[in-house]
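> need a structure here:
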Amino acid sequence: MHRDGVLLSLTVKEFAVLETLAARPGEAVRRTELVERCWDELTEPNSNVVEVLVSQLRRKLGDPQLIHTVRGVGYRLEAQNREPQG
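As a prediction, the model looks like this:
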C-alpha cells in the first residue's frame, strides 16, 4: 500500500482493519465488528487489541490522520483531502 508516494508495510491484521474501514468510508464501524471481521474467535472481545492496532496503523499512515475515533461506537476512515494541482 502507498500513501503520498511512500510504500507502507502493513501487517495482515493492519491491512484487514484498514480494508474494513475503507469499505465504508465516512461511516463509523463498531469496534466489535472489527474484532469479528479481523480476528479469530479466540480473541477476547474486551481486550484492547483493536485500540493498539489502530494506534499502530495511525502511526504508519502518518498525518493528516485518516482514522478517527467515534466515541462510544468505534472508528471511521475519512478520505484524505487533496489540494487541486495546477
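> which residues does the residue most central in space within the chain contact?
Residue closest to the mean C-alpha point of the chain, counted by C-alpha atoms, centre = their mean, is Leu18 at 4.0 Å. Taking C-beta atoms under 8 Å, 6 or more residues apart in numbering as the criterion, Leu18 is in contact with Met1, Leu10, Leu57, Leu77. Quick note: C-beta positions are derived from backbone N, CA and C, even for glycine.
> And the strands in the protein, which stretches?
Under the criterion DSSP state E, the chain contains strands at 2-3, 6-7, 29-30, 67-70, 74-77.
> Tell me which of those strands is the most buried.
strand 74-77 (a mean of 20; mean count of other C-beta atoms under 10 Å).
> Wait, Leu57 touches Leu10, no?
Yes - with contacts defined as C-beta atoms under 8 Å, Leu57 counts as touching Leu10 at a distance of 7.5 Å.
> Which of the two has more residues huddled nearby?
Comparing Leu57 with Leu10 by other C-beta atoms under 10 Å, the one with more neighbours is Leu57, at 21 against 16.
> give the contact list for that one.
Per C-beta under 8 Å, 6+ apart, neighbours of Leu57: Leu10, Glu14, Val17, Leu18, Ile67.
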